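Engineer: Okay, predicted coordinates and the sequence, questions at the end:
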Amino acid sequence: MRNLKYILITIIGIFILEGCGAYSFSGISISPETKTFQVNFFQNQAPLVNPGVDQTFTNELQDLILNQTNLDLVTSNGDLVYEGEITEDRVAPTTATSDNEAAQNRLTISVNVRFYDSKDPTQDLEQRFSFFYDFASTQSESDVRDTALDEIFERITQDIFNATLAKW
């Protein structure tokens with residue numbers, strides 16, 4: 001009787017583990033036939049162009065996908081293709097003091113993304129992603145820009161990843 005109990009538990013355990021075989025703990029939903037991806041250069045088409053933002057963003061998106069998937073980065077004919085442009089890069093005041101001066105400023109970056117899945121065209125997507133970074137008006141934009149871009153790009157690239165591969 002005791003052996004039958006262990007055998008039954010083992011069989012149930014095997015079925016449970018087998019059922020989890022298609023599940024990814026990161027939530028990624030990629031077809032098994034998908035092996036490669038490419039990230040085309042995201043050109044900066046914002047009204048105010050800050051040098052290097054486009055290359056930094058393109059590299060950040062490539063790095064995120066490389067680090068969170070087992071896909072290979074290629075320069076052409078990728079199974080998954082990301083392309084788009086930076087459409088907004090601006091600083092605007094968000095709060096004012098009693099003297100009608102800015103107390104806080106906001107750096108906003110927006111990116112338009114087109115995603116193509118050659119293995120499953122129903123997953124294709126075009127969407128705008130945006131995020132911001134607030135900083136005190138006593139700080140200059142140049143003093144906080146690197147920190148702000150790190151935070152903004154981390155959020156935008158993760159949002160792109162979630163929308164295209166994790167389906168969140």
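Structural biologist: Structure received.
Engineer: which phi and psi does the closest residue to residue 31 other than its chain neighbours have?
Structural biologist: Spatial nearest neighbour of residue 31, excluding adjacent residues (C-beta to C-beta, 6 or more residues apart in numbering): residue 119 at 4.8 Å. In this view, the C-beta of every residue, glycine as well, is placed from N, C-alpha and C. Per-residue torsions, residue 119: phi -90, psi -20 (degrees, to the nearest 10).
Engineer: what's near enough to touch residue 119?
Structural biologist: 31, 33-34, 79 (C-beta atoms under 8 Å, 6 or more residues apart in numbering).
Engineer: which residues in this protein form strands?
Structural biologist: 36-39, 43-44, 72-73, 80-96, 102-117, 125-136 (DSSP state E).
Engineer: List the beta-bridge partners for the residue nearest to residue 76 when sequence neighbours are not counted.
Structural biologist: Computed as C-beta to C-beta, 6+ apart, the closest residue to residue 76 that is not its neighbour in sequence is residue 38, at 6.5 Å. Counting by DSSP bridges, residue 38 is bridged to residue 81.
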